Structures are given as structure tokens and as C-alpha cells.
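[1] Okay, sequence plus prediction incoming.
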Amino acid sequence: MDENNRNFLLALALSILVLFTWQAFIVPPQDPLKQPQTVQQPAPAPSPVVQPGAVPQPGTTPPAAGAAAPSGPAAAPTGQSREAVLAASPRIAIDTPALRGSISLKGARIDDLMLKQFRETVKPNSENVTLLSPSGTAKPYYAEFGWTVTSNEGVRVPTSETVWTADSQGALTPANPVKLSWDNGQGLIFRRVMSVDPDYMFTVTQKVENKTDKPVTLYPYALISRHELPHTDGLYILHEGLIGFLGEHGLQEIKYTKAAEAGTTTFKATSGWLGITDKYWATALVPDQNAPYEAHFQGTNVNGNAAFQTDFLLGPVTVAPGGKQSVSSMLFAGAKQVGVVDGYETKLGIKKFELLIDWGWFHFITKPLFFALDFFYGLVGNFGIAILIVTVLVKLAFFPLANKSYESMSKMKKLQPEMARLRDRYKDDRMKQQQALMELYKKEKINPMAGCLPIVIQIPVFFALYKVLYVTIEMRHAPFFGWIQDLSAPDPTTIFNLFGLIPWTPPHMLMLGVWPIIMGITMFVQMKLNPTPPDPIQEKLFTWMPVLFTFLLAAFPAGLVIYWTWNNSLSILQQWVIMRRQGVEVNLLENLGIRAKSAPGKS
């Protein structure tokens with residue numbers, strides 16, 4: 001086997017290994033906690049007091065030693081429709097440019113949110129994405145704020161059953177905060193002011209007025225509770241579950257399965273945030289960034305009834321007789337849009353809030369790549385075109401390195417006759433043959449490994465682009481042209497039903513669309529720029545390699561396949577030009593079988 005073919009085989013083997021490894025990571029074993037399609041029921045209501053060190057049920061906040069926990073999920077019948085549950089309690093509407101929903105006056109929970117700008121499918125008339133749902137529905141998911149006290153205080157605090165009074169009229173909008181109040185009948189008046197910005201950040205200010213003649217000590221808390229095991233893609237490259245950046249403890253990511261096994265995990269921190277994240281959506285609590293707090297991650301899964309909670313408990317707040325105290329915290333509930341999330345970190349000073357989006361270990365490549373795509377999207381209005389432009393820029397960035405690689409390959413092609421003579425001369429002495437070849441490489445300034453570089457250097461970009469396409473909501477449902485209406489999803493067409501002409505949906509493994517086929521053709525053409533290997537086994541391997549890659553990439557996002565196709569096309573052009581410049585005969589048409597092979601010495 002000549003050195004050129006050996007190097008090419010090495011590069012192909014490396015690429016196949018990477019792709020197979022990637023496929024292994026993105027198709028993991030089924031989550032052991034996933035249950036059949038049954039309605040998830042909320043966990044039972046907790047006992048009224050949580051002892052130190054005990055594992056509370058989701059729906060409770062573990063307070064400081066001896067403090068009484070807030071009440072758990074409302075004891076309403078479960079599995080009802082959202083409409084029925086929403087109609088069963090008094091509510092205040094939420095209406096912003098990004099959100100639609102309501103706040104329940106019973107418990108003052110934010111438990112009804114839909115995202116106006118995002119739909120379940122690419123169809124323009126599909127339902128808006130539902131983020132939060134109240135207790136009593138099949139999948140409760142809500143945020144709650146409140147106060148708790150030590151068990152011996154005997155002070156009544158608002159619970160999930162408390163019905164608050166709205167002190168102001170109208171819906172909660174960016175221009176109209178909502179004011180709530182509740183009198184505990186013991187001389188304490190609890191007030192709550194809720195505001196929201198045009199995107200997804202709520203600010204909740206809790207106030208207490210003490211009209212008694214004794215000081216009262218209270219503990220502020222906030223929680224996010226989710227009573228279901230949500231569907232997840234279960235991919236290694238994406239975290240879905242409980243998450244938080246907890247000051248000196250850094251980023252904490254707990255999968256749903258791990259949360260259910262661990263029970264309760266506790267951290268003491270200052271600054272940061274914590275919540276629950278999906279692929280594209282998230283909820284996150286943001287305490288005062290200068291106040292120490294105790295954070296908890298909780299999970300249970302009993303008889304298929306899963307429930308999860310993140311919460312924080314602040315230190316004691318003492319309200320003097322005749323005095324007032326207030327505590328503010330924030331709730332993010334919405335889509336993980338890069339500009340919005342980064343903006344909150346900058347404007348609100350939320351430490352490392354950008355990590356709510358899973359950029360991965362190679363964020364120093366992934367995030368700049370996203371910004372480049374987003375910049376060109378702003379210019380051309382199409383993420384597919386932006387991918388093509390960024391691919392050209394990546395090729396330009398690696399142009400000197402790729403040029404050296406292709407020049408080295410071209411020189412090796414020109415030296416094929418000399419290399420053949422050396423092999424023939426030392427055919428009985430492999431050591432002398434290798435030594436002679438190495439001397440020839442050194443004399444001609446050839447790097448025999450250079451042939452691997454064109455493929456190797458694009459692997460990090462390939463992975464980074466995959467991550468961008470997969471995790472960023474900006475790519476979700478982003479169309480290209482024609483049948484590609486979602487660059488983050490595989491090409492929906494397949495040759496096995498004649499691209500939709502036959503009314504039959506093939507199984508997933510036979511979904512071989514137009515773009516993967518085009519990609520395979522460009523890879524085949526790129527291979528044919530090299531001379532036909534003398535070994536028949538090698539020739540068959542090279543012939544079938546594009547077919548293998550075509551099927552491998554068929555399940556990848558269409559945007560990634562478009563990138564690979566365009567990159568192949570640019571590489572073909574680049575290699576052709578360099579080979580011609582080096583005086584190397586380009587036998588592409590002959591190798592493709594379009595034109596009869598020339599006699600030796602003729603082009």
C-alpha cells in the first residue's frame with residue numbers, strides 16, 4: 001500500500017471512529033426511570049414539619065433547623081384538564097410580548113405560562129409551547145414564593161391554600177405590576193409585588209408588616225416544583241434536569257434519574273441561581289446575589305410517580321414591632337434564547353447565568369461559532385445561508401494549513417513513480433524500503449501525514465456546529481429552502497418512498513434524504529480526485545465509504561449535512577486548483593468513469 005493511500009485510509013478510519021463514537025453518545029440506552037405512557041401523579045403532600053436531615057417530598061422547602069415547611073401541592077383531584085383547573089381558582093392574567101398565562105390567587109403561584117413566540121411543531125397553526133401548569137393537572141410545574149418559621153413560633157404564614165387579595169386591577173404586564181396582600185389575623189400583613197419584563201424574568205418582592213408588640217422572625221424561600229418525569233432526548237451532549245450555579249460550588253447538573261436516586265442534595269452558597277432545564281426551555285430562581293442561602297435539589301420516583309424540586313432558603317429576617325421588612329428575588333421562566341440569557345447575566349449581575357444554556361466543554365469554540373452564525377443570520381435572514389457563509393470563513397481560516405496538506409499530497413502523487421521504484425528495489429527488505437522512503441520525503445520536504453489534516457481539522461468545527469444546531473433555540477424550526485423547514489432536524493425526505501411520491505413512511509433507519517445523498521456524492525467525487533488504488537480491496541473500500549457516511553449522516557441535523565456537503569464542495573475546488581498548480585495530472589473524469597482513461601503520459 002503506498003503512503004498516500006495509507007494516509008487517506010488513516011484519515012477515513014479516524015473520521016469513521018469519531019462518527020461512530022458520536023452516534024454512540026447521541027443514542028444512549030433508554031432512561032431507566034422512563035415509564036410507559038401513563039399520567040404522572042403529583043407526589044403526596046408532605047408532613048407539616050420537616051426535621052433537620054430528613055428527605056422532604058417535592059413540594060416542600062427544607063427550612064433551617066426546627067422551621068416549619070410550607071405546605072405541599074394542593075390536594076386537588078389530579079389529572080384534570082388545564083382548563084378545568086385554571087377555572088377552579090381566582091386568577092390574575094399574565095400578558096407580555098413573550099408570555100401568556102396567569103397567577104393563581106390561591107397560593108400566589110406562577111403556575112400557568114405559555115410561550116407566545118414558540119410552537120410545538122413547524123406548522124404555523126400548532127399549539128404554543130406550554131411551560132408551566134397548575135397543581136391538579138396531569139403535569140404540574142410551578143414556581144412558589146413564601147415565608148416559613150421555626151416550629152415553635154406559632155405564627156401563621158401563607159401556604160399553598162392561602163387565597164390572596166389583589167390590591168390592583170388588570171393583568172400583569174411589563175408596565176403594570178401586580179400587588180397582592182394577606183392578613184394572617186395575628187397582626188402580620190403579608191404583601192407581594194410581582195413584576196415582569198418584556199421577556200421571561202419575573203421579580204417577586206415579599207413584604208411583611210408587623211403590627212404586634214413582639215418581634216417576628218421569618219425565613220424567605222422560593223421553589224420550583226415539577227410533578228412529572230418529562231420526556232428527554234437522553235443525550236450525553238445535553239443536560240436536562242436540575243441545574244444551578246451555586247457560588248463557590250460552581251455549576252451543578254443533576255439528571256432526573258440521579259435526582260430521584262439522591263433524594264435531597266444541599267448546598268450553602270452566595271450568588272448564583274438554580275432551577276430546572278429542558279432542551280430549549282428552563283425555569284430558574286435567582287436569589288439576592290449578595291445574600292447567603294441554602295439551596296436544595298430534590299427528587300422522588302415512587303411507583304412511577306415522579307416529582308422534582310429546586311429551592312432556596314434565605315437566612316432569618318426579623319421584623320420589629322411596628323416595623324416592615326422586604327426581600328426580593330427573581331424567576332426566569334421561558335425560552336433559553338442566547339441574547340436574552342446573556343443579557344440577564346450582564347444587566348442583572350446574575351453570576352454565570354449563561355451556563356443555563358449547555359454549551360458543553362468546548363464552549364470556547366461552540367459559542368463563538370453560534371455568534372458568527374447569528375451575525376450572518378441578521379444580515380441574510382436565513383440560518384442555512386449563514387452556515388454556508390461561516391463554512392467559507394472556516395475554510396479561509398484553515399486555508400494555509402489545508403494548502404500545505406494538499407500541496408504535500410500533490411507532491412506525493414508526483415513522486416509515485418519514484419516511490420514505486422524504491423519499493424521494487426527493496427521489496428525484500430522492508431526496513432531499507434521505509435528508510436529510503438523517509439529520505440525521499442525529507443529531500444522533497446513532504447509530510448506523509450499531511451493527508452489526514454483536511455479531515456482532522458474540520459472535526460472540531462463539525463462537533464461545535466452539531467452542538468449549536470442541537471442546543472440553541474435559535475436553530476429550532478429554522479428553515480433553509482424547499483423541504484428543509486427545520487435545520488436542527490434530519491432531512492425529512494427519503495429515497496425509499498421516492499421523496500414523498502409514494503404515500504408511505506419508511507422506518508427511521510431508511511430515512512435517507514436528498515441532502516445526505518448530495519453529501520455522499522460530493523464525498524465520492526472528492527475521493528475520486530485521488531488516483532485509483534492498485535489494490536482491489538482498497539478500491540472497494542474507497543467506493544463504499546461514501547455510502548457508509550451517507551447513511552451515518554442521514555440521522556444528523558440537516559444543517560450539519562448541508563455544512564458537510566458545502567465543505568466537501570469547497571475542498572474539491574481547493575484540491576483541484578492546488579493539484580493543477582503543482583503540475584499534477586487531475587484524473588477526475590477518468591476516475592469517475594465519465595471519460596476513458598488516458599494512456600500513460602497523457603492528460
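    Received it, and whenever you're ready, just let me know what you need. Numbers count the residues shown, from 1 in each chain.

[2] any low-confidence regions in the stretch 301-450 of the chain?
    406-414, 446-450 (pLDDT under 70).

[3] model confidence over the strand or helix carrying residue 203, on average?
    Assigned by DSSP states H and E, residue 203 belongs to strand 201-210. The average pLDDT within strand 201-210 is 97.

[4] Now do the strands in the stretch 151-300 of the chain.
    Per DSSP state E, counting those that start in this stretch, the stretch 151-300 of the chain carries strands over the ranges 165-166, 178-183, 188-196, 201-210, 216-226, 241-245, 251-255, 264-270, 273-277, 281-286, 292-302.

[5] Out of these, which gets nearest to residue 460?
    Residue 460 lies closest to strand 251-255 among the strands of the stretch 151-300 of the chain, at 22.4 Å (CB to CB). All C-beta spots, glycine's among them, are computed from the backbone N, C-alpha and C.

[6] Give me the residues contacting that closest one.
    Residues outside strand 251-255 that contact it (CB atoms under 8 Å, 6 or more residues apart in numbering): 239-246, 262, 265, 267, 274, 297, 299, 352, 355.

[7] just stretch 384-401 next, same as before
    Here stretch 384-401 makes contact (CB under 8 Å, 6+ apart) with 369, 372-377, 380, 402, 453, 457-458, 461, 465, 478-481, 484, 487, 559, 562-563, 566-567, 570-571, 574.

[8] Report the buried members of those.
    Among these, the ones that count as buried by 16 or more other CB atoms under 10 Å are 369, 372-374, 376-377, 402, 453, 458, 461, 465, 478, 480, 484, 487, 559, 562-563, 566-567, 570-571, 574.

[9] domain assignment for this protein?
    82-152+192-358, 490-603 (automatic domain parsing).

[10] Minimum distance to residue 176: which of the ones you listed has it?
    That would be domain 82-152+192-358 among the domains of the chain, by CB to CB, at 8.6 Å.

[11] Spit out the contact partners of the spatially most central residue of the chain.
    Nearest to the geometric centre of the chain sits residue 471, at 2.9 Å (CA atoms, centre = their mean). Contact partners of residue 471, counting by CB under 8 Å, 6+ apart, are 237-238, 279, 357-360.

[12] In helices, which of these fall?
    Among the contacts of residue 471, DSSP state H puts none in helices.

[13] Reformat those into JSON lines and put neighbour count next to each item.
    Below are those laid out as JSON lines (neighbours: other CB atoms under 10 Å):
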{"residue": "237", "neighbour count": "16"}
{"residue": "238", "neighbour count": "17"}
{"residue": "279", "neighbour count": "19"}
{"residue": "357", "neighbour count": "22"}
{"residue": "358", "neighbour count": "21"}
{"residue": "359", "neighbour count": "19"}
{"residue": "360", "neighbour count": "19"}
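
[14] from the residues you listed, which is closest to residue 80?
    Nearest member of these to residue 80, counting by CB to CB, is residue 279, at 27.2 Å.

[15] so who does the closest one touch?
    232-233, 238, 240, 471.

[16] which stretches of this structure have low pLDDT?
    Applying pLDDT under 70 to the chain flags the ranges 1-79, 152, 406-414, 446-455, 457-458, 530-539, 584-603.

[17] show me the contacts for the spatially most distant residue from the centre of the chain.
    Distance from the C-alpha centroid of the chain peaks at residue 425, with 58.0 Å (CA atoms, centre = their mean). Counting by CB under 8 Å, 6+ apart, residue 425 touches 433, 436.

[18] Any chance of the backbone angles for it?
    Backbone torsions for residue 425, taken as degrees, to the nearest 10, come to phi -70, psi -40.

[19] How about the one 5 residues further on?
    Recorded main-chain torsions at residue 430 are phi -60, psi -40, according to degrees, to the nearest 10.

[20] how close does it sit to residue 422?
    According to CB to CB, to the nearest Å, residue 430 stands 12 Å off from residue 422.

[21] More neighbours: those two, which one.
    residue 422 (19 against 10; other CB atoms under 10 Å).

[22] Is that one in a helix, a strand, or coil?
    The local conformation at residue 422, judged by DSSP: H, G, I helix; E, B strand; the rest coil, is helix.

[23] just to revisit the earlier point, kindly reformat the domains of the chain as JSON lines containing distance to residue 161.
    Output for the domains of the chain, formatted as JSON lines (distance: least, CB to CB, whole Å):
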{"stretch": "domain 82-152+192-358", "distance to residue 161": "7"}
{"stretch": "domain 490-603", "distance to residue 161": "47"}
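
[24] Do you have the helices of the stretch 351-500 of the chain handy? List them.
    Here the stretch 351-500 of the chain has its helices, by DSSP state H, counting those that start in this stretch, at 363-380, 383-397, 399-414, 416-425, 430-444, 453-456, 459-471.

[25] quick one on the thing from earlier: which of the contacts of residue 279 sits closest to residue 491?
    residue 233 (18.5 Å).

[26] thought the closest one was touching residue 240?
    Yes: shown here, residue 233 and residue 240 form a contact pair, counting by CB atoms under 8 Å, at 7.2 Å.

[27] Tell me how many other residues crowd the closest residue to residue 179 other than its chain neighbours.
    With CB to CB, 6 or more residues apart in numbering as the criterion, residue 179 has its nearest non-adjacent residue at 4.1 Å, and that residue is residue 167. Per other CB under 10 Å, the neighbour tally for residue 167 reads 12.

[28] again with residue 508
    10.

[29] sorry, back to before: can you tell me which of the domains of the chain is most buried?
    Most buried of the domains of the chain by mean neighbour count (mean count of other CB atoms under 10 Å) is domain 82-152+192-358; its value is a mean of 19.

[30] hang on, the earlier thing: so which of the helices of the stretch 351-500 of the chain gets nearest residue 147?
    The nearest among those, by CB to CB, is helix 459-471 at 37.1 Å.

[31] now what about whichever helix or strand comes after the closest one, what contacts it?
    For helix 459-471, the following helix or strand on the C-terminal side (DSSP H and E) is helix 514-528. Residues outside helix 514-528 that contact it (CB under 8 Å, 6+ apart): 483-484, 491, 493, 495, 499, 542, 545-547, 549-551, 553-554, 558, 561-562, 564-565, 568-569, 571-572, 575, 588, 591-592.

[32] just to revisit the earlier point, can you list the strands of the stretch 151-300 of the chain in CSV and add distance to residue 439?
    As requested, the strands of the stretch 151-300 of the chain are arranged in CSV below (distance: least, CB to CB, whole Å):
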stretch, distance to residue 439
strand 165-166, 88
strand 178-183, 82
strand 188-196, 74
strand 201-210, 68
strand 216-226, 68
strand 241-245, 57
strand 251-255, 53
strand 264-270, 63
strand 273-277, 59
strand 281-286, 61
strand 292-302, 63
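
[33] for these, which one sits closest to residue 513?
    Nearest to residue 513, of the strands of the stretch 151-300 of the chain and by CB to CB, is strand 281-286 at 28.0 Å.

[34] Backbone torsions only: list them for the residue nearest to residue 179.
    Dihedral pair for residue 167: phi -90, psi -10, per degrees, to the nearest 10.

[35] likewise residue 498?
    Torsion angles, degrees, to the nearest 10, at residue 498: phi 60, psi 40.

[36] ok, it to residue 163 distance?
    Counting by CB to CB - residue 498 and residue 163 are separated by 62 Å.

[37] Same check on residue 354?
    Residue 354 sits 39 Å away from residue 163, going by CB to CB.

[38] same check, this time on residue 273
    Taking CB to CB, one finds residue 273 at 30 Å from residue 163.

[39] The residue nearest to residue 285 when sequence neighbours are not counted and residue 527, how far apart?
    Sequence neighbours aside, residue 222 is the residue nearest to residue 285 in space, at 4.9 Å (criterion: CB to CB, 6+ apart). Separation of residue 222 from residue 527 (CB to CB): 59 Å.
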